[in-house]
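In: for reference, the sequence and a predicted model appear below.
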Amino acid sequence: MAKRSDVLEFAVLGLLHEAPMHGYELRKRLNATLGAFRAFSYGSLYPCLKSLLAAGLVSEQVDAPVALGKRSRIVYQLTAEGKEHFAALLDESGPSAWDDEGFGVHFAFFGRTDAQTRLRILEGRRSRLEERVDGFRAALARSRERVDGYTLALHQHGLESVEREVRWLSELIDDERRRRESPEHVNEIEPPEKEHP
């Protein structure tokens, strides 16, 4: 499973790949890019940035204050090693990219991910969720008579949410396959306009 710190590192590198940013702007972009999937605090962002600095993946530049009495800002940018490391992270398509922690951040950077890797991640995520659907169904069958109506409704809601995501993933997979078969659309990244669960 991907650790939260790994997910944050991937997201920070991805955003800094677009442009250098200072910490406040980076945090705003993290929350805007990953939306409801993640909420990162300064308490987790700055230790991550320090770790990336120590590893030589990012560098920092101190900008002069724009007005008298204002503090100078530290602007972070990717180094060449950071760009290579981000490219390697984009190519990862194993189980850590399918789980709940890793999938959302990988999906957020699908625009930079090659088609074959996108397809492997989508198929892996769908497979993982299909296993979860089977587990939900088995649990519902076992507990139907032993739990109250509210608990049963909660289990049913969980099952329906996962089934909805499986359908959404299937649509994305079908779209990716169509794109691969149509050479003029290979580089277009336009997922179907479906609401994510």
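Out: In hand now; what should we look at?
In: please count neighbours and contacts with C-alpha atoms only from this point.
Out: OK.
In: how far away is the residue nearest to the spatial centre of the chain from residue 90?
Out: Centroid-nearest residue in the chain, with C-alpha atoms, centre = their mean: residue 105, separated by 1.0 Å. Residue 105 sits 10 Å away from residue 90, going by C-alpha to C-alpha, to the nearest Å.
In: from the chain's centre, how far out does the biggest helix by length in the chain sit?
Out: Ranked by residue count and defined by DSSP state H, the top helix of the chain is helix 149-181. Mean-position distance between helix 149-181 and its chain equals 17 Å (C-alpha atoms, centre = their mean, to the nearest Å).
In: what sits against residue 49?
Out: Neighbouring residues of residue 49 by C-alpha atoms under 8 Å, 6 or more residues apart in numbering: residue 58.
In: could you report the pLDDT at it?
Out: For residue 49, the pLDDT comes out at 94.
In: helix, strand or coil for it?
Out: What DSSP: H, G, I helix; E, B strand; the rest coil gives for residue 49 is helix.
In: contacts for the one helix or strand residue 17 maps to, please.
Out: Here residue 17, judged by DSSP states H and E, is contained in helix 4-18. Residues from elsewhere that reach helix 4-18 (C-alpha under 8 Å, 6+ apart): 26, 29-30, 45, 48, 52, 76-78, 82-83, 86, 89, 101-102, 105, 109.
In: 6 Å instead?
Out: For helix 4-18, the external contacting residues (C-alpha atoms under 6 Å, 6 or more residues apart in numbering) are 77-78.
In: residue 93 and residue 175, how far apart?
Out: Residue 93 is 18 Å from residue 175, by C-alpha to C-alpha.
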